[in-house]
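Novice: Pasting a predicted model and its sequence here:
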Amino acid sequence: MNKILEVENLTFKYEQESNDVQLKGVTFDVFSGEWLSIIGKNGSGKSTTARLIDGLLEGFTGAIKIDGQLLSQENVWDLRRKIGMVFQNPDNQFVGATVEDDVAFGMENQGIPREEMIRRVDEALGAVNMLDFKKKEPARLSGGQKQRVAVAGIIALRPEIIILDESTSMLDPTGRAEIMRVIHDIKDKYHLTVLSITHDLDEAAHSDRILVMSDGKIIRQATPAELFASDEDMVEIGLDVPFSANLMADLRELTFGNIPEKYLDDEELADFLASQLN
């Protein structure tokens, strides 16, 4: 598989004269088409890493390569076109008077022809099931609808990588699940790579691979099944255990059926329990 993102020995502090270092030699790769989640407690360095990759912060040491090109001050604007970032609060990304204006804004900045913009706006809004809302004011939308529009604005720009920076943390469980389903769908449709910064372990459970950060360092790399299979490991690194893992442990104590030792996410566990009941 091709590496679309390479981070090597990334070190960063917000104040150069300070001894408080936010990132301490962070190194990892992301492969083309992969969904990689970075999890960790608040202050672990997750969002700082994302902002450095997207060129929103500078002054780091180490190296960031995007699609084989070394990120620098000279090419940051060109390489940022390969990345779309969805933030925690969608209100911070809205600039247009209507939904369609907002989705078109980034394309206007890139000088995309009007006919192509119109086509992409409709395609992007259709992909997130918001085409019927294109004449609406963003302020009148629900939180989940706003986040869908923010995602549409990103995919209209045709990035190769989408970074989700706690982008579902302000939504209720239903809205969170809807946004995750939409992003999974567009990832497959447009062959995107996704880097998810999250504290939601149920969200991270659907990743291909997970990095765990603590105190500015990566302390674990694993698949969701490997990471969530051990309650002790999760507690040791200061994270909660996903609901399905807790439920599986409780069911084993009750000797309910033949509960698998490997980790199952919510959907897989529901299917397993249904098969046992039948």
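Specialist: Cool, got the structure.
Novice: So residue 273 belongs to a strand, correct?
Specialist: No: secondary structure of residue 273 (DSSP: H, G, I helix; E, B strand; the rest coil): helix, not part of a strand.
Novice: and it, how many residues sit next to it?
Specialist: Residue 273 is surrounded by 17 other residues when neighbours are defined as other CB atoms under 10 Å. Where you see a C-beta, it was placed from the backbone N, CA and C, and this is true even at glycine.
Novice: Just to be sure, residue 245 is in a helix?
Specialist: Yes: applying three-state DSSP, one finds residue 245 inside a helix.
Novice: what number of residues lie near it?
Specialist: Using other CB under 10 Å, residue 245 has 22 other residues around it.
Novice: Repeat that for residue 12.
Specialist: 21.
Novice: ok, it touching residue 20?
Specialist: No: the pair formed by residue 12 and residue 20 falls short of the contact definition of CB atoms under 8 Å, at 10.8 Å.
Novice: got the phi/psi numbers for the closest residue to residue 193 other than its chain neighbours?
Specialist: If you skip the residues right next to it in sequence, residue 193 has residue 161 as its closest partner in space, 4.7 Å away by CB to CB, 6 or more residues apart in numbering. Dihedral pair for residue 161: phi -130, psi 130, per degrees, to the nearest 10.
Novice: show me the contacts for the nearest residue to residue 83 once chain neighbours are set aside.
Specialist: Leaving out its chain neighbours, the residue that sits closest to residue 83 by CB to CB, 6+ apart is residue 161, at 4.8 Å. With contacts taken as CB atoms under 8 Å, 6 or more residues apart in numbering, residue 161 has the following neighbours: 4, 5, 30, 66, 82, 83, 84, 192, 193, 194, 195.
Novice: and if you look at residue 260?
Specialist: Taking CB under 8 Å, 6+ apart, one finds 248, 272 in contact with residue 260.
Novice: Mind telling me what element it is part of?
Specialist: Counting by DSSP states H and E, there is no helix or strand that carries residue 260.
Novice: Let's see the pLDDT reported for it.
Specialist: Per-residue pLDDT puts residue 260 at 77.
Novice: now the one 5 residues further on
Specialist: In the predicted model, residue 265 carries a pLDDT score of 74.
Novice: can you count the residues close to the nearest residue to it once chain neighbours are set aside?
Specialist: The spatial neighbour of residue 265 that comes closest, neighbours along the chain excluded (CB to CB, 6+ apart), is residue 205 at 4.6 Å. Counted with other CB under 10 Å, residues neighbouring residue 205 total 23.
Novice: And the residue nearest to residue 193, what's its pLDDT?
Specialist: Reading off the model, residue 161 has pLDDT 95.
Novice: Repeat that for residue 273.
Specialist: pLDDT for residue 273: 83.
Novice: Since that was my last question, I'll sign off now.
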